[in-house]
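1. have a look at this fold, sequence not included:
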């Protein structure tokens, strides 16, 4: 019994000290698989314009108002189609709005969430022009990465998209 007690104490001491050791392998840095696409506020505001139609890269939501159909190209803008013949919609224009993901139309006023801003504009399909009537700045939070990684930003920088590295 006298020999068993010290042996149990030594065994218990080895088992308990194993719990306290620090393992370097546990310090694995987080992997950021996405990189932020960042532009300045001036670039964001000056980028809103009507461009010629082009192919859709990443189709998003679709919105139909009267004879116009708007298809979101995620984080790039909106394709405008003449929808007077639903069997054969014709491409009319592309409204370039970097960071835009959604659109709503009410009383011929178009509302677009452009990254962190809410943009209000008038689109004239006859002349193929737009007029920004109002911009509400910083209404929405910055875009989050799909893997929850973080991008350090200056005050005038805005995330318009995240891309795989």
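-> Nice, thanks for sending it over. If you're wondering where the values come from, they're calculated on a predicted model, not measured in any experiment.
2. isn't residue 159 up against residue 40?
-> No - at 11.6 Å, residue 159 does not count as touching residue 40 under the criterion of C-beta atoms under 8 Å. For every residue, glycine as well, the C-beta is placed using N, CA and C.
3. out of the two, which sits in the busier spot?
-> residue 159 (20 against 13; other C-beta atoms under 10 Å).
4. enumerate the positions of the one helix or strand the more buried one maps to that are buried.
-> Applying DSSP states H and E as the criterion places residue 159 in strand 157-164. If you call a residue buried by 16 or more other C-beta atoms under 10 Å, then strand 157-164 has these buried ones: 157, 158, 159, 160, 161, 162.
5. mind giving me the packing neighbours of that strand?
-> Packing partners of strand 157-164 (3 or more C-beta pairs under 8 Å, 6 or more residues apart in numbering; DSSP states H and E): strand 34-40, helix 41-46.
6. contact partners for residue 109?
-> Contacts of residue 109 were listed using C-beta atoms under 8 Å, 6 or more residues apart in numbering, and they are 120, 121, 122, 133.
7. would you turn those residues into a markdown table with secondary structure?
-> Formatted as a markdown table, those follow (DSSP: H, G, I helix; E, B strand; the rest coil):
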| residue | secondary structure |
| --- | --- |
| 120 | strand |
| 121 | strand |
| 122 | strand |
| 133 | strand |
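8. most surrounded residue in the residues you listed?
-> Neighbour-wise, the contacts of residue 109 (other C-beta under 10 Å) top out at residue 121, 18 neighbours.
9. give me the beta-bridge partners of the residue lying closest to residue 132 once chain neighbours are set aside?
-> Spatial nearest neighbour of residue 132, excluding adjacent residues (C-beta to C-beta, 6 or more residues apart in numbering): residue 121 at 4.9 Å. Note on residue 121: beta-bridge partners residue 110, residue 132, judged by DSSP bridges.
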